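*Asks:* could you work out the structure for the sequence below:
(chains A and B)
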Amino acid sequence: MARGEKISPDLLDASAIAKAESLGFAARLLVEGYMAGEHRSPYHGFAIEFAQHREYSHGDDTRHLDWKVLGRTDRYYIKQYEQETNFVAHLLVDGSASMLYGSGKLTKFDYARVMAACFAYLVLHQRDAVSLEIFDRETREQIPRTNSLASVHNVIHRLSDFEPSEGSDIATALHNLALRLRRRGLVIVISDLMDNEQAVLDGIRHIRFGGSEVIVFQTLDPHEIEFPFRGVVEFEGLEREPRITTRPDEIRKSYLEEFGAFRRRIVEGCERNGCHHVLVNTAHPWEEILGTYLAFRQRVG
Amino acid sequence: MGFLNPALLFALAAVSVPILIHLLNRRQVRHVRWAAMRFLQSSVDRNQRRLRIEDLLLLFLRCLVLALLALALARPALRKAEGGWFGMARPTVLLLLDNSYSMSETDGTQSRFDLARTAAEEVLDVLPGGSPTAVFLASDIVRKPIPEPTNDGALVRKTLRDARLSDRGTELVPAIEAGLEMLGRMSGSRKELYVFTDGRANGWRAREKLTALLAAGKERITAHVVLVGRSQGTNIAVTDLRPGVALVPANQSIPFQIKVGNFAAGQTGPVPVTLQIDADPPADETTLDRIEPGGDRSATLFARFRGPGLHSVTARVSGDRLPADDQRTIIVRVVDDLRLLLVDGDPGTEPRTAETFYLRRALVPVAPLDAARFHIKPTIISPSQLGSAVLDPFAAVFLCNVGGLPDNALHALENHLVRGGGLVVFPGDRSDRTFMNERLLSKFGFLPASLEAPTGDASNSKGAITYQPSGYEHPIVERWNDAAAGTLASATFRRRFPLVPDTTPSASGNPLAATPGIVLRNADGSPAVIARTWGRGRVLLFSGPADTAWSDLSVRPAFVPLVHRALGWVTAGRDESLNLPVGGHLAEPLDPEFRDRSATVTLPDATTDSARIESGESETLLRYDRIDNAGAFDVTITGEPPWSHRFAAQAATGESDLAEITPETLTALGARLLAWEPGLNLREMLRRDRTGTELWLALALATLVAAVAETVLAERFSRSK
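*Replies:* Numbering: from 1, shown residues only, chains lettered A, B, ... in the order given. Coordinates of the predicted model:
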């Protein structure tokens, strides 16, 4: 499949994605669509890169001695790399009930798990490691880091089997991850971020403090962005908030102001913390999101 | 406050529609499971109170629009109209137009009668379509062009357009009574009476009865009086026209007395007056000085008639704003020769001793050579010849000292009187009192008085009596009220028959005999000359003979004018029908040969009408009753032999009076009063009068304002906030 070609929508309807095979197939199609015909992998940025030599000092692990230098010069030098040999991408997927909203065929969570599957496939295909965590108030599903391409099935199974049901606490999930991160890596957060945005930003800063790169895919439904409802609507909270009956027409402006301010705070907070923020509108096709983001990686990488 | 379409008040129930929609809308809620509740909640928290207020405000406005609309459709009016539940119930309507001649008053373009017709049509426009409507025309009589209400609006309008003015006076009260009576007979819950008049006060006599009638019918009959136009304030009228002589011969200058009245509140300028014979150019004219308000002036103008026959004479003043009374027309019989039959009961042995000697001289007061050319031509016969005489050519018969008459003579006299001839009786020593009292009075009723036994001594002037010296009332003798005309009281009566007036015409057994009138009294107050009309003829009875046997009257200078005036009066009977009041009836005797012919009447305005020819057992009469206009009428019967007749009608002068009834008086009657003149919106006045001030327009505007407010606010409220 050529790059940019649309995935047949039949493969990617909500029920299909909920099946692991379909999800995996979709992810592979998406990713391979990008890789086919490329001279350079767009993922070289994740490769192991040599940084410098330094003189051996007492206590250094002899495994890292540069034996070739020692053989030629008889000097003890340690080989240093910019990154750990195995790059780890932590996929942090929001599995709270708020992700269950979807104005079209797909919910935000459907969209999120396709994205997560894509990233997992991409990273593993690159022979880097990936870890997956689906959380709501607490961690619901967790796959420790793995660099086996075979484990992508595990990832996809977990994603496709998960059904969101609880409220969210994104900040706690971010903090927990930050504490667990022993190496710097890439943290990919896929969430609508509908939580206390200051706490979320604190969590991101915590991760950034550990040196990891953070990419936030803020997944939002077009209805949440545009609020196009008419007539009298009773809104029922997905996370058990009290019901609200109103005429959306008449409060649209107010809602859009509120929601816009929220998004602005997120974007500004991300920029402050050196975190890359990508707005994912679930009305847009996945390949467009992926394409946009990967093009961006290539540019900054 | 009431409603013209109360049934439409049910539409007020429509107010519940927005409320129902509001409630239903609240039930028609889309259910959405939503993630971004936080932002929604804060927006709602900020706006919910305002939204609720806006909601209620819009709901209120929508209800208000419908309520106002329903109220406007129900047509509320400040005064309750008895409209019935289903809107404008059709009232039964009588349009009563005053067509008296005062309605001819014009403002220069339209007469008040034109205005009345316009006003009546406006009433038709205002009434609910198909309202049964009758039309009456009221002057001093009621004409009923549409006597019973009809639903044919076109007929009503045509009748109104064809309605014509009369020259009659006004007497509205009987007309209104007739109208109320007619409306009272009609079924239907609502009845309306419209009187269109100029409000002349003389048309509203006998109001008290009307007030009671209106009050009695008030529940069901609403009376409206529409006063049309405005009085122009000036009116000069010819109030009288009469010849100055009793007999009008041809080719002599005849004086006519004309009286002109000023009915305005101000003095007039000089008033030119003309006199016209037939359709000729004016024969004479003069200018009267200023006439004081309420006063009148007389003028004498002269005219000469070329030939005998019936001629019209018209006196005219220059036109003013009420043209109907600016001229007055009479018909005058111009005589070529007036043949008289003198029955001499005592011819004597020589002419001078004849009973009729002085009378004949007095009747033909010219030299014997000129007698042939004089217009009065007496014929003298004896009583025995009377029975066989043909009386038709004679205008009058004089019975001078006649003893008795055969029955055939009496029947001839009866016919003579029926046809309008005159009879003058001079009783004398040969007169048979029994014959006079039993035959002439009791049997035929000719005489106006019974004769008692004669008193006084003919040969002795002691105890003689004279005529009254003054206070003359009868037309024959009224000229002697003027001292310049001489005196009647110089004659002395030595002997006479005391006369007892026949005050009980029924006693004489003849319905044609009218109540006698005293022409002259003696100085002691006892009757000296008594007159009676009998049929169309006239009878004059003196208390003594026409010669000098009992008195010296016949040698007095006053005898000639007295005889001529008496002759004029007794022969005027056949001319009585020449001049009739407007509203009078023509009943002209015809020969039986005209029995099956048809008669045509040409009216003063040159239109034609037909007259009836009625034949009874004893006589054939030509009758014409529709004398509604003043002026000369010509009656012709075509065929062989042809027959023609002329008569003139004169309007009553009371109608010339400008005095108007006060609005308070009319309102006190219990009628609704509308004063209309051109330039005012009559239709609106009528509508308001019928229904009171309507409020639908204000309500419709309020509805519009509320609807616009609703639209603007709804648009504004629905803008996202």
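*Asks:* helices of the stretch 151-300 of chain A, residue ranges please.
*Replies:* Ranges of helices in the stretch 151-300 of chain A, per DSSP state H, counting those that start in this stretch, are A:151-161, A:170-180, A:197-209, A:222-226, A:248-272, A:286-300.
*Asks:* next, the buried residues of the first one.
*Replies:* By 16 or more other CB atoms under 10 Å in any protein chain shown, the buried positions in helix A:151-161 come out as A:Ser151, A:Val152, A:Val155, A:Ile156, A:His157, A:Arg158, A:Leu159, A:Ser160. All C-beta atoms are positioned from the backbone trio N, CA, C, and that covers glycine.
*Asks:* so which of the helices of the stretch 151-300 of chain A gets nearest chain B?
*Replies:* Closest approach to chain B among these is made by helix A:248-272 (3.7 Å; CB to the nearest CB).
*Asks:* can that closest one be found next to chain B?
*Replies:* Yes - Helix A:248-272 comes into contact with chain B (CB under 8 Å from any CB of the partner chain), by way of A:Asp249, A:Glu250, A:Ile251, A:Arg252, A:Lys253, A:Ser254, A:Tyr255, A:Leu256, A:Glu258, A:Phe259, A:Phe262.
*Asks:* let's have the residues you listed in a markdown table, adding neighbour count.
*Replies:* Formatted as a markdown table, those follow (neighbours: other CB atoms under 10 Å in any protein chain shown):
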| residue | neighbour count |
| --- | --- |
| A:Asp249 | 19 |
| A:Glu250 | 19 |
| A:Ile251 | 27 |
| A:Arg252 | 19 |
| A:Lys253 | 15 |
| A:Ser254 | 20 |
| A:Tyr255 | 26 |
| A:Leu256 | 16 |
| A:Glu258 | 20 |
| A:Phe259 | 21 |
| A:Phe262 | 16 |
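*Asks:* could I get these as JSON lines with distance to B:Asp162?
*Replies:* Output for the residues of helix A:248-272 next to chain B, formatted as JSON lines (distance: CB to CB, whole Å):
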{"residue": "A:Asp249", "distance to B:Asp162": "70"}
{"residue": "A:Glu250", "distance to B:Asp162": "70"}
{"residue": "A:Ile251", "distance to B:Asp162": "75"}
{"residue": "A:Arg252", "distance to B:Asp162": "75"}
{"residue": "A:Lys253", "distance to B:Asp162": "75"}
{"residue": "A:Ser254", "distance to B:Asp162": "78"}
{"residue": "A:Tyr255", "distance to B:Asp162": "80"}
{"residue": "A:Leu256", "distance to B:Asp162": "80"}
{"residue": "A:Glu258", "distance to B:Asp162": "84"}
{"residue": "A:Phe259", "distance to B:Asp162": "85"}
{"residue": "A:Phe262", "distance to B:Asp162": "90"}
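*Asks:* lowest-pLDDT helix or strand in the chain?
*Replies:* Using chain A here. Ranked by mean pLDDT, DSSP states H and E, the weakest helix or strand in chain A is helix A:14-17, scoring a mean of 54.
*Asks:* other chain: chain B
*Replies:* Result, chain B / mean pLDDT, DSSP H and E: helix B:505-508, a mean of 51.
*Asks:* following element in sequence after that helix, please.
*Replies:* Remark: after helix B:505-508, the chain's next helix or strand is strand B:517-521, criterion DSSP states H and E.
*Asks:* can you map out the strands along the stretch 101-250 of chain B?
*Replies:* Taking DSSP state E, counting those that start in this stretch, the strands of the stretch 101-250 of chain B run over residues B:133-138, B:142-150, B:191-197, B:221-228, B:236-243, B:248-249.
*Asks:* apologies, that question was intended for the stretch 51-200 of chain A.
*Replies:* A:77-81, A:88-94, A:129-135, A:139-146, A:186-191.
*Asks:* could I get the ones you listed as CSV with distance to B:Glu192, mean neighbour count and mean pLDDT?
*Replies:* Formatted as CSV, those follow (distance: least, CB to CB, whole Å; neighbours: other CB atoms under 10 Å in any protein chain shown; pLDDT from 0 to 100):
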stretch, distance to B:Glu192, mean neighbour count, mean pLDDT
strand A:77-81, 116, 15, 74
strand A:88-94, 86, 25, 89
strand A:129-135, 92, 25, 90
strand A:139-146, 92, 16, 87
strand A:186-191, 86, 25, 90
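*Asks:* any low-confidence regions in the stretch 351-500 of chain B?
*Replies:* Within the stretch 351-500 of chain B, no stretch has pLDDT under 70.
*Asks:* now B:Thr222: how far from B:Leu183?
*Replies:* Separation of B:Thr222 from B:Leu183 (CB to CB, to the nearest Å) stands at 10 Å.
*Asks:* now the common contact residues for these two.
*Replies:* B:Lys191, B:Leu193 (CB atoms under 8 Å, 6 or more residues apart in numbering or on different chains).
*Asks:* show me which residues of chain B sit near chain A.
*Replies:* Near chain A, when you scan chain B using CB under 8 Å from any CB, you find B:25-26, B:28-44, B:46-48, B:51, B:54, B:717-721.
*Asks:* which among those residues end up buried?
*Replies:* Neighbour-count burial (16+ other CB under 10 Å) applied to those gives B:32, B:34-44, B:47, B:51, B:54, B:717, B:720-721.
*Asks:* hang on, B:Leu97 is in a helix, isn't it?
*Replies:* No - under DSSP: H, G, I helix; E, B strand; the rest coil, B:Leu97 sits outside any helix and is assigned strand.
*Asks:* B:Arg164: neighbour count?
*Replies:* Neighbour count for B:Arg164, taken as other CB atoms under 10 Å in any protein chain shown: 12.
*Asks:* which ones are touching the residue nearest to it when sequence neighbours are not counted?
*Replies:* Spatial nearest neighbour of B:Arg164, excluding adjacent residues (CB to CB, 6 or more residues apart in numbering or on different chains): B:Asn99 at 6.9 Å. When contacts are counted by CB under 8 Å, 6+ apart, B:Asn99 touches B:Phe113, B:Leu137, B:Ala138, B:Ser139, B:Arg143, B:Ala163, B:Arg164, B:Leu165, B:Ser166, B:Arg168.
*Asks:* avg pLDDT for stretch B:104-116?
*Replies:* Per-residue pLDDT over stretch B:104-116 has a mean of 87.
*Asks:* that stretch: how far from the chain's middle?
*Replies:* 19 Å (CA atoms, centre = their mean, to the nearest Å).
*Asks:* and the gap between A:Gln218 and B:Leu686?
*Replies:* Separation of A:Gln218 from B:Leu686 (CB to CB) stands at 79 Å.
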